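J.: All I have is the shape, not the residue letters:
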């Protein structure tokens, strides 16, 4: 059951990622990215991270991507025009490099990760909100406060940058 | 294997009951609004308009589904589907009643028992913004785009006070699991005050309840926050260009969202399926009393039927007898542990839905800038202060 | 038909993360719309998040989840400021193609 769920959602994630890279209109790319994020949330659930899966959907897919979609809709973006003379050279160099990068990374992973390590749903139950909250507010309290200041800076910066009169 | 079969059966029953209830919620809303406005409402299609949802459904199904010329077809067709799918997913975690055993199977009255139930409801409501924004944008019309974006901005603005209002009672209940939340609210303080979150604990969560109800009025795009879909403002907002079944899908999604948020409020604030006063003082007789009274009223009205509606002379007493039989079911000891808690849950849910419809008939709507200002300058600080006070009192008394 | 395994080795999660990261990097280098490039950056961040959560499962500690949380927070802040910059660029140049915003090129 674990393997079926993993294979299904990994296939959905890769398909949405390929769709993201290949689509011309930004809205289709944005929705493909939302698809990637929600299937990754399911994979986090399989890995025992129930809290982080919920946070992924609420924050990443439900707030950050909504911001992207707002900007795309407001700027009334059209799809990318295809170039009059399609340049084959970048793609001819990029695709083999791409596949070789995937191959190298996969080889590193396959040789370095211990072989018997399996992921079974239920073996790690430390991703629940209780454990997460305890660790966050005792051991990682300083990074937590620093990120709240970071968000404040980001809010002020975004408001200043997007104002009408500057 | 047993688990899958039970889950499938429960899912089928829940989906059927929920969709029928959505359709009849339209009838309830039209009748209640009509009586608030001193008019009869749907009256002709079936007794007291009870078959009106059926005729609405037939009308919407047989209308021509016009797809305008320059829409982005995939998103235009995907948005209503997404709206309905998301609206129906959140019902999965709501518990309707306690665990019971029937035919040797022990199962809870509710589809699942997620440990992060309330986070799933928040996540699905965050994703619900996409359905509206996409529906508005894909229609390739300026009214739809403005309505869709306004509605989406309103929904994400009110998510924050809603989340903070949800966190405050969680400080008292100490769990994110809906079933454990309801179980933690059982028992009675001083013998007769129920230990619901609005009444109990070191700090009664009255303000959280009020803030939550205001925030979910905005989340579900209901009056007084329904400017993005008001008829006089933007034609019909994001669903201007939709017709027939796609429009029915958006409609169904809105009513399913209302049922979901009222169920969440019931489980979180009003004690789920816990009764209002202890069973020792006779609260087990309230359900058969109410349903029996309804049956007796139907028998009476059946005998007083008008000459012009002779069919009422037979149908009303027949349904009255059915109601009396239902009231009798509440005395069967095998069914009591299932029916009585479900009755309390359903009655609290219906009271909250009635409040939704009552507010629709009573209040005028906010202008859009008033709405956004209210969210960011009043409701969000109020929710924050409420959370701070609750957290302070809980930390000091435990 | 090869037998479908019943357990999932850890390396599959890492390979999936590698694939997503590489697709994000490819999109980042090959696309011409600023917003799509930005979304490929988010895809790369998501791939890294998956790696963190996978290793957190292997080491049976929650610290990987916490780091993922911080990555998400930083991605949110970056998205807000980045989109504000994109809006300003659009207001000044009326275009969203990175090839045309090249006045500082040598």
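T.: All right, it came through fine. Values in this document were obtained by computation on a predicted structure and should not be read as measured data.
J.: Please make it C-alpha for all contacts and neighbour counts, starting now.
T.: Noted.
J.: Quick one: distance of the longest helix anywhere in chain C to the chain centre.
T.: Of all the segments of type helix in chain C, defined by DSSP state H, the longest one is helix C:63-93. A distance of 11 Å separates the centroid of the chain from that of helix C:63-93, by CA atoms, centre = their mean, to the nearest Å.
J.: So which bits of that helix are buried?
T.: Applying a neighbour-count criterion of 16 or more other CA atoms under 10 Å in any protein chain shown, one finds C:63-70, C:72-88 buried in helix C:63-93.
J.: Give me the contact list for the helix or strand hosting residue B:385.
T.: Counting by DSSP states H and E, the element that carries residue B:385 is helix B:380-396. With contacts defined as CA atoms under 8 Å, 6 or more residues apart in numbering or on different chains, helix B:380-396 is touched by B:160-161, B:164-165, B:167-168, B:171-172, B:202-203, B:207-208, B:211.
J.: Closest one to residue A:134 out of the residues you listed, please.
T.: Closest to residue A:134 out of the contacts of helix B:380-396 is residue B:171 (14.6 Å), distances taken as CA to CA.
J.: Tell me the secondary structure at that closest one.
T.: The three-state assignment at residue B:171 reads helix, by DSSP: H, G, I helix; E, B strand; the rest coil.
J.: What is the burial count for it?
T.: For residue B:171, the count of nearby residues is 14 (other CA atoms under 10 Å in any protein chain shown).
J.: Which pLDDT value goes with it?
T.: Note on residue B:171: pLDDT of 91.
J.: Distance check, it against residue A:51.
T.: 17 Å (CA to CA, to the nearest Å).
J.: And the pLDDT at residue A:77?
T.: The pLDDT attached to residue A:77 in the predicted structure is 68.
J.: Leaving out chain neighbours, which residue sits closest to residue B:184?
T.: Using CA to CA, 6 or more residues apart in numbering or on different chains and skipping residues adjacent in sequence, the residue nearest residue B:184 is residue B:173, 6.6 Å away.
J.: sorry, back to before: and the contacts of helix B:380-396, which is closest to chain A?
T.: residue B:160 (11.0 Å; CA to the nearest CA).
J.: I'd like to know how many residues surround the residue nearest to residue B:184.
T.: Other residues near residue B:173 come to 19 when the count uses other CA under 10 Å.
J.: how about residue B:245, phi and psi?
T.: The main-chain torsion angles of residue B:245 are listed as degrees, to the nearest 10 and equal phi -70, psi -20.
J.: before we move on, back to that, help me see whether the longest helix of chain C makes contact with chain B, please.
T.: No - against chain B, helix C:63-93 shows no contacts by CA under 8 Å from any CA of the partner chain, the least distance being 14.8 Å.
J.: so which residue of the stretch 151-300 of chain B comes closest to chain A?
T.: The shortest separation between the stretch 151-300 of chain B and chain A is 7.6 Å, found at residue B:156 (distances taken as CA to the nearest CA).
J.: Quick one: residues contacting that residue.
T.: For residue B:156, the residues meeting the contact criterion (CA under 8 Å, 6+ apart) are A:63, B:126, B:129.
J.: what helix or strand is it on?
T.: Short version, using DSSP H and E: residue B:156 is in helix B:142-173.
J.: anything in stretch A:63-79 sitting right up against chain C?
T.: Yes - contact between stretch A:63-79 and chain C, assessed by CA under 8 Å from any CA, occurs at A:64, A:67-68, A:71-72, A:75.
J.: Which residue ranges of chain A form helices?
T.: Using DSSP H, the helices of chain A run over A:2-22, A:26-46, A:50-55, A:65-74, A:88-112, A:129-138, A:141-162.
J.: Out of those helices, point me to the one whose mean pLDDT is lowest.
T.: Of all those, helix A:88-112 has the smallest average pLDDT, which comes to a mean of 80.
J.: what packs against that helix?
T.: Other elements packing on helix A:88-112 under the criterion 3 or more CA pairs under 8 Å, 6 or more residues apart in numbering or on different chains; DSSP states H and E are helix C:10-30.
J.: And the helix or strand following the helix it packs on, what does it pack against?
T.: Tracing the chain past helix C:10-30, the next element assigned as helix or strand by DSSP H and E is helix C:34-59. Applying 3+ CA pairs under 8 Å, 6+ apart, one finds that helix C:34-59 makes contact with helix A:2-22, helix A:26-46, helix C:10-30, helix C:63-93.
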